[in-house]
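Participant: Following is a predicted model, sequence given first.
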Amino acid sequence: MTVSTTSTAPAAALGVLPRADGSAKYSHAGYTVTASVNGPIEAQRRDEHPYEAHVDVIVRPAAGVGGTRERHLESILQSSLSQIILVKNFPRSLIQIVLQVEDSPENDYVNTKLVQASLNFSIMPALFQTAVLALLSAGVPIRATATATAVAIVPQDGTKRSVVDPSPRDVEIAQSVHVLAFTSHDELLLAESEGDFTVKEWDDVYETAKDVCCRPVPTKEGMEMVLDDEHTNGPDLRHFLRSTMENKVASDLHWK
Amino acid sequence: MPREAEPSLNEKQFVLQALHDSVRLDGRELEQYRPLELTFGDQYGVADVTLGKTRVLAKASAELTVPYADRPLDGIFNIATELSPMTSPAFEVNRPTETEVLISRLLEKTVRRSGALDTESLCLVAGQKCWSIRVDVHVLSHDGNLIDAACFAVVAALRHFRKPDTSMEGGVLTVYTPAEREPVPLSWLHSPFCVTWSFFGEEGDVAVLDATWMEEQVRSGSCTISLNKHGEICQIAKLGGVPVEAVSLLQCTNVALVKAKDMSSKLDRWLAEDARRRDKGGLLAELSAENDRVPDM
Amino acid sequence: MTTTERPLVLPGDPISPDLIPSSTSKPLRLGPGLRHVPPSDIVPVVAGQLITNHQKNSMWVEYNSNRYIPAPGDLIIAQILRSGPDLYFTSISPYTPPATLPHLSFESATKKTRPQLAPGALVYARVVLANKHMDPEIECVSQSTGKSDGLGELKGGMVFDVSLQFARRLLMAKSKEEGKVEVLELLGGEGLAFEIAVGRNGKVWVGGEDVKAIVVVGRTLRETDEGGLGVEAQRKLVRRLAKGMK
Amino acid sequence: MPLDTSTYGLALLRVDGRRWNELRRIHGQIRTQAAADGSSYLEMGHTKVMCVVTGPSEPGPRRGGAAGGASGGAGSGGQSKDAEVVVNIVIAGFSSVDRKRRGRGDKRTLEMQFTLSNTLAATLHTHLFPHSQINISLHVLSQDGSLLAALINAATLACVDAGIPMTDYVTACTAGSTSTYAANDEGADPLLDLNHQEEQELPGLTVATLGESDKVVALVCESRVQISRLEGMLAVGVDGCKQVREILDQVIKAQGRKMILEGTVDKGTGLNDMDLD
Amino acid sequence: MPITILSPKPSHPPPSPHDISDSDSDLSSDDGGGGAHLDFASLGLPSHQKSTHPSNNPLFTNLVTPGTLITPDPQWMRGHGTYIPPSTTNITSSLAGITTRTNKLISVSPLRARYTPEVGDLVVGRILEVQAKRWRVDINSIQLASLPLSAINLPGGILRKRTETDELQIRTFFAEGDLVVAEVQQLFQDGGAILHTRSLKYGKLRNGLFVALSGQGGGSGVVRSRRQVWTMEGQNGGGKMDVILGVNGYVWISKHVEQVAKELEQKHMGITNMEENVSAGVYSSQNDFIDSATMREIARLRNVVTALVENGCRVDEDMVIRGYAEACEMAMLGETGAEDIYLGGQRGEELTRTLRN
């Protein structure tokens, strides 16, 4: 089984929405997502929890009205983000995360139906990553940072190939698609799978994803990156996250 | 949902006092817009408009569908405006607020009712097949004057948009995927723009263009005028509020025309720039014969 | 200062032990952005620069945000929402539960002589009580001296929103040296007459007679904050705006 | 069915036989509902509306969302203590030819509610009634053009009947132009008070003014028209509003006279009666 | 730039200004400036009125409508129902009503308006809300009135101290939906009223019937007068009836209960004594037995009141007593005799016509 990736390096900008507490715009693998984070703010009575903050995630497709698929994505994101946010610090309050999809890669071979939007499962990593960046931008206390990726198992010439950050075309022909997220402590935070796969395949996917998400932070010399030719699959998300935050902190603390 | 915070009495008084002295908090002239910027997305039909700290994203999309029974010769054209909590936590999902209804009505009147898009050209087979064009307006950041920004974004997105090409041969309708044939632009008739005046004070004697959110919260009335560069009014909406001399309203309309012409030429320029940028790669070169597939329509 | 002394930390990053002050005489004090995980781990929860003060035996993470979380002792600008039977409900930051301000928490206030504040009035106040399970409480009088110490209603003027960090820099005792913000002195130097009150909740109140002067002060503050201007750029900005006023 | 405007140029008569500057018949009545604080019934041609005003009174439980009607003036609970003007419009299914039912969330109706409530809030002295609500309920029984204008006029009448202090009457009417924008006819004449047929085919606007002044409270134009024609249309509309004000004033005065004659109210003391005491 | 009306090219003479039909309630502006239809008959006015042109009638000179300029003379002071537009001295009417002048004060009393409370008014109200230390009472005004717990007579006499138990038991005195008669004790700055029931005349209402009319403030309805409460004999075998005309337009007609009268007699013996007798019975919500004849007469009295209002008459003691007597007579002339209490439509008109003459 070979591993391949089609995507380019991710790009992100923080604080793009001047009126939100925190915001981020993130583009990767053809997806562009903008997120806003507001909180902790007053929770509605029905969402109020006496001992912890309610995390509200809203996913809005670029075109068309959201449906059950979006609600499903929201509930997955909500439960995994609640794990890293220190919800106990803000009882009875609300942390609201709104994810607006701006662009998703188009499958040039199909004319999609758009009025009833149904977001593709493989958008998950982009949504997740944008949410984490926006939380960092808002300064909402979190336990650890986290990175996420999608891996598809695509049959090819009788063998199977796993693709990191699959394109819509890959997803269409894939046997199974998996989304995994890891915290900065290398803990598995989220694992969602669709399709047929064996335990062995899942193990492979896990290793691939962990490799993308949990690459050790390069030392100051940056030599490791060059020498380590095994790690050429996919972008180094953890490094990306750190350098993005470095820029943000540097510009915030320019006066120091 | 938490209520929208109201400005303090000090702020209200100060803003009014300053406006009476023709001073705006951001140093603008009364009839001056904030910097208007537009970026197109990688795809066709995505327009991201910023007006100061107000930011609106519009995305146009097309779908094949059946025309309405009472209008068999027309395609379908809709503008969807929903303010999400991203705009402000005071907006709730699936609970339309007054602001939302008003914006959506204004866009509807300005763009749809004024016949900016030729809906007849969207019809493919009378009574059976037509295009349904939909524009989704997403307000990402609200710092006043959503209407002007949203209208600009909608017009920009629609003019930038390309729908899949179709052909009719021997009664067989073929819809080509983007891989087969380069998508085609919509049949566009004229470009209307909204210009919103805000009136201040008991007498409504101070009139200001492109109000910020703070100014909107203290204004006593507003009037949105939609025009195209040919000097045709598409819509005027002064929905109550402080009484304004009829003569002043006529002057407002004349100034609005100047602003609309200005927006029109800006949009033309940006569209041309984007077209040049896209053309460079020679998009058609990317397509390879290997990818030809039987169209699914 | 080199970056090694102020390393970038992300939430969950391990902190190398040599950065943790090891004085045995004083207890270790953790500032904002850090979390103590028993038994002995100290973990950042926000992204920022880790700052260690060996003298005071304290450490914290320096970061910027837009959402004010009340802390006791902070000076803030609050807006009266409504009056209850014996206290005012005030707003410190948008969309958060109201903070309470007892009617008697004003200088020499009694049941009969308490100040009458209309909904929408502004007060400069100090946070007395802030904890995560209760709505915060603020006061406009010093508990120890019974004096207002400059707290109380802010009359007239205008409020400008700035980032929390910029408000903190303005409030620093040596704002010019430590906070690298010189605009207020510069504006005063240009001959502008104005009063100012800075709230830790990211609000700056500017009072004065001249509407134009207040607007210039406000624009200077906002542009310095949003543009992240250095001292030299601040000088240029003030010169430009002050010139435009005349 | 396109409106045949070709004959207008010859006879200068409109489809219903009116001249360019003529209003249709206006019939107004007040105090039509005994139980209400104020009520009115108004016909402008074949457009017929009914209005009931309740209040100013203690605001009821807070309504959720936009479904409960648009509110103008100042909201309750905020800093401002002014009365809130809440308008609710019900358009009867049988009021128009197509018998189309409009749901509660219909955006056109919501927009009209908003317009009406903000129009009335501009004249009603809402500051006199702190923490209260003025409920205005309108029912459209029959539609033949100039609907918004008829609603504004009916609401004004009902508010006067309810004894709510106001700066002056707010009256409204429509104005149009004799040829469509496409005709690009520079010599197009303005028209006063459009009926349904004219409203469908010709450019038009609704204008509401305050009292006898030229001050425009509401101006709604929903059709495409050359900017050069706006002045003429607006002028005719503003003049029409003044005529409507005169008519509404007479409706109120007639009721007042009736009450004086019946002895329900005293005749009062005026400035010139000073010698009497 | 003044507004000009652009007239069509082949200029026709504009239609004559609309002849405004002055006194017509059914007012119309016909095509081409139609004529006025004067139809006094529909107003039910005496025919001799026809000759007077309304605008010349001195009766109508003080009738004003919103926006009417009353005087530009700055020597006058503006009162209720008027305003002065900014940067002028013009006292302008903000209501449809009648101007009244008290010395230098010009005000307009509306043809009709909601009740505005004044200190000392006797009102009938309905408890809408029970709060910790007060009730909120609907008195047909702009705002709900409040009745503080401290402003009622507690069982056990006036000297009894109010305790926390009373606060907890607040619903046992008045609960939602109860009707009370009370006096306006004080007004808030914003016009809200505070009531009290610290007198035996006031308190919970039972054994009777409630009628809502429009109150003092304009138009037909209850007017402020010398006596708002009285007891009258029922005809046709009915017992004594109490009538309470709340100044706010709420009316209560009930069976007269002797016990209260006895207590009133005791009043002469000493107020403290008597106050102690105020028992929990005062706050009972149970009706006493009412015989059917009294019930019928109560209903007849109610119909008299509504007929008066329907036909634009004022409602005061004199009118009600005379109206009741007249109604009894009218009933006796009919076929069913005393059982006929119907006073709607024509019969009501007939009744009021007799009373007016």
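Facilitator: Nice, I can see it.

Participant: Would you mind measuring from the residue of the stretch 251-357 of chain E found nearest chain A to E:Lys204?
Facilitator: Taking CB to the nearest CB as the measure, the stretch 251-357 of chain E has E:Ser285 as its residue closest to chain A, at 34.6 Å. No exception for glycine: its C-beta is placed from N, CA and C like everyone else's. Using CB to CB, to the nearest Å, E:Ser285 is found at 7 Å from E:Lys204.

Participant: So which of these two has more stuff around it?
Facilitator: Of the pair E:Ser285 and E:Lys204, E:Lys204 is the one with more neighbours under other CB atoms under 10 Å in any protein chain shown, namely 18 against 13.

Participant: My guess is that one contacts E:Phe174. True?
Facilitator: Yes: E:Lys204 lies in contact with E:Phe174 (CB atoms under 8 Å); the separation is 6.6 Å.

Participant: Check the contact lists of the two and give me the overlap.
Facilitator: Between them, E:Lys204 and E:Phe174 have E:Val180, E:Tyr283 as joint contacts when contacts are counted by CB atoms under 8 Å, 6 or more residues apart in numbering or on different chains.

Participant: From the chain's centroid, how far away is the strand or helix carrying D:Ala155?
Facilitator: Using DSSP states H and E, D:Ala155 falls within helix D:147-161. Its chain's C-alpha centre lies 4 Å from the corresponding centre of helix D:147-161 when counted by CA atoms, centre = their mean, to the nearest Å.

Participant: Can you name the element that comes right after the worst-scoring helix or strand of chain A on mean pLDDT?
Facilitator: Lowest by mean pLDDT, DSSP states H and E among the helices and strands of chain A is helix A:223-227, with a mean of 41. Secondary structure here is assigned by DSSP H and E; on that basis, the next helix or strand after helix A:223-227 toward the C-terminus is helix A:237-252.

Participant: Which positions in that next one come out as buried?
Facilitator: By 16 or more other CB atoms under 10 Å in any protein chain shown, the buried positions in helix A:237-252 come out as A:Leu237, A:Arg238, A:His239, A:Phe240, A:Leu241, A:Arg242, A:Thr244, A:Met245, A:Lys248, A:Val249, A:Asp252.

Participant: Then stretch D:33-40?
Facilitator: For stretch D:33-40, burial by neighbour count (16+ other CB under 10 Å) applies to D:Gln33, D:Ala36, D:Asp37, D:Gly38, D:Ser39, D:Ser40.

Participant: A:Ala152: what secondary structure?
Facilitator: The local conformation at A:Ala152, judged by DSSP: H, G, I helix; E, B strand; the rest coil, is strand.

Participant: So it sits against A:Ser176, correct?
Facilitator: Yes: under the contact definition of CB under 8 Å, A:Ala152 touches A:Ser176, with a separation of 7.2 Å.

Participant: of the two, who's got more company?
Facilitator: In this view A:Ala152 and A:Ser176 are compared by other CB under 10 Å, and A:Ala152 has more residues nearby, 26 against 19.

Participant: would D:Asn135 count as being in a strand?
Facilitator: Yes: judged by three-state DSSP, D:Asn135 forms part of a strand.

Participant: Let's verify C:Trp205: helix, strand, or coil?
Facilitator: Put simply, C:Trp205 is strand when judged by three-state DSSP.

Participant: as a whole number, average confidence for stretch E:100-115?
Facilitator: Over the span of stretch E:100-115, the pLDDT mean works out to 88.

Participant: Any idea what C:Glu153 is bridged to?
Facilitator: For C:Glu153, the residues forming beta bridges with it (DSSP bridges) are C:Val123.

Participant: What separation do you get for it and chain E?
Facilitator: With distances defined as CB to the nearest CB, to the nearest Å, the gap from C:Glu153 to chain E amounts to 21 Å.

Participant: Test my guess that that residue contacts C:Ala121.
Facilitator: Yes: using CB under 8 Å, C:Glu153 is in contact with C:Ala121, at 5.9 Å.

Participant: The residue of the stretch 251-357 of chain E closest to chain A contacts E:Asp178, correct?
Facilitator: Yes: counting by CB under 8 Å, E:Ser285 touches E:Asp178, with 6.8 Å between them.

Participant: Show me whatever sits in contact with both of the two.
Facilitator: Common neighbours of E:Ser285 and E:Asp178 (CB under 8 Å, 6+ apart) are E:Lys204.

Participant: OK, contacts around residue 14?
Facilitator: You didn't say which chain, so I picked chain A. A:Leu14 makes contacts with A:Gly22, A:Ser23, A:Ala24, A:Leu133, A:Ala134, A:Leu136, A:Ser137, A:Thr244, A:Lys248, as judged by CB under 8 Å, 6+ apart.

Participant: Oops, wrong one, chain D.
Facilitator: D:Arg14 sits next to D:Tyr8, D:Trp20, D:Leu191, D:Glu198 when contact means CB under 8 Å, 6+ apart.

Participant: Could you do B:Trp197 as well?
Facilitator: Residues in contact with B:Trp197 (CB under 8 Å, 6+ apart) are B:Ala207, B:Val208, B:Leu209, B:Ser222, B:Cys223, B:Thr224, B:Ile225, B:Cys252, B:Ala256.

Participant: Among those, which one lies nearest to chain E?
Facilitator: Nearest to chain E among the contacts of B:Trp197: B:Cys252, at 12.9 Å, using CB to the nearest CB.

Participant: tell me the phi and psi of the closest one?
Facilitator: Torsion angles at B:Cys252 (phi, psi; degrees, to the nearest 10) stand at phi -60, psi -40.

Participant: if I look at it, how far off is D:Thr206?
Facilitator: Computed with CB to CB, the distance linking B:Cys252 and D:Thr206 is 17 Å.

Participant: Is the helix or strand harbouring B:Asp268 in proximity to chain D?
Facilitator: Here B:Asp268, judged by DSSP H and E, is contained in helix B:246-281. Yes: Helix B:246-281 is in contact with chain D by CB under 8 Å from any CB of the partner chain, via B:Ala246, B:Val247, B:Leu249, B:Leu250, B:Thr253, B:Asn254, B:Leu257.

Participant: In space, what's closest to the third one - neighbours in sequence excluded?
Facilitator: So that's B:Leu249. In space, not counting the residues next to it along the chain, B:Leu249 is nearest to D:Val216; the distance is 5.7 Å by CB to CB, 6 or more residues apart in numbering or on different chains.

Participant: Also the fourth one?
Facilitator: Once its chain neighbours are removed from consideration, B:Leu250 has its nearest residue in D:Glu231; the separation is 5.6 Å (CB to CB, 6+ apart).

Participant: Mind pulling up the pLDDT for the one you found?
Facilitator: Predicted confidence (pLDDT) at D:Glu231: the value is 93.

Participant: Poorly predicted segments of the stretch 101-250 of chain D, please.
Facilitator: Where the stretch 101-250 of chain D drops to pLDDT under 70, the residues are D:184-186.
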